[in-house]
Each structure stands twice: as C-alpha cells, then as structure tokens.
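A.B. asks: can't give you the sequence, but here's the structure:
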C-alpha cells in the first residue's frame, strides 16, 4: 500500500481481502489544517472522521485520548466508485502534503 510508505502517516493494519472500509482513516503526526488545505487544492476531499468529539458536544471535558485522536486523524476518500487513478491522486496529494 503506497500510503504505508508516506512519512508521518499511520494507516490501518492490513485487514486482508475481506475487509470493506466504510471510512479510510489515517493518523497524521502534524497539524491537519494545512494538510486538508493542500488536499483541497489538489481536488481531494478529506476531512476529520467526526465534526467534533462527542464529549465536546455534550459539554464534557477530561477525554485526552479522544482529543488526541481528533487532532491526529483524517478520513480519506473511500467509496465503491473510486477509481485506481483517483486513489493514486489521493496518495500522491497526501505524500506531497506531508513533505
């Protein structure tokens, strides 16, 4: 998998041929805003997996792991009609953004 070689990017462990991702989420070891902006400029729609952590919506505090995950995770395009060429575009754009 090309993304597994991208610097500062952690991808899900290989789930084999039987897995069907509903979302493809990677963890990025740097601020997400510039990454998302770069991907947008390249025509790649990538977003955080959730708008905000649920504890924030409920007005709660004290969930550092949820906060860390929210600050590090990015959901990449993943859908049945995504072509190999489009997947290559996503991979290349993310690799550029991480340089």
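C.D. replies: Thanks, I have it. In this text, all values refer to a predicted model and were calculated from it rather than measured experimentally. Residues are numbered from 1 along each chain as shown.

A.B. asks: Outside of the worst-scoring helix or strand of the chain on mean pLDDT itself, list whatever touches it.
C.D. replies: Ranked by mean pLDDT, DSSP states H and E, the weakest helix or strand in the chain is strand 9-10, scoring a mean of 72. Residues from elsewhere that reach strand 9-10 (Cβ atoms under 8 Å, 6 or more residues apart in numbering): 3, 26, 27, 28, 29, 94, 98. From N, CA and C alone the C-beta is placed, and that goes for glycine too.

A.B. asks: now for those, which pair is the farthest apart?
C.D. replies: Farthest apart among the contacts of strand 9-10 by Cβ to Cβ are 3 and 29. That separation is 13.6 Å.

A.B. asks: for this structure, what are the low-confidence residue spans?
C.D. replies: The chain contains residues with pLDDT under 70 at 1-8, 11-21.

A.B. asks: One more pass at 80, please.
C.D. replies: Low-confidence segments of the chain, defined by pLDDT under 80, are located at 1-23.

A.B. asks: Could you point out the longest helix of it?
C.D. replies: helix 84-97 (DSSP state H).

A.B. asks: name the helices or strands packed onto that one?
C.D. replies: helix 32-41 (3 or more Cβ pairs under 8 Å, 6 or more residues apart in numbering; DSSP states H and E).

A.B. asks: Tell me the helix or strand right after the helix it packs on.
C.D. replies: helix 54-57 (DSSP states H and E).

A.B. asks: Pick out the residue closest to the middle of this protein.
C.D. replies: In the chain, the centroid-proximal residue (Cα atoms, centre = their mean) is residue 74; its distance is 2.4 Å.

A.B. asks: Flag every buried residue along stretch 59-66.
C.D. replies: Buried residues in stretch 59-66, counted by 16 or more other Cβ atoms under 10 Å: residue 66.

A.B. asks: For residue 67, give me its contacts.
C.D. replies: residue 53.

A.B. asks: And it, how far from residue 94?
C.D. replies: 23 Å (Cβ to Cβ, to the nearest Å).
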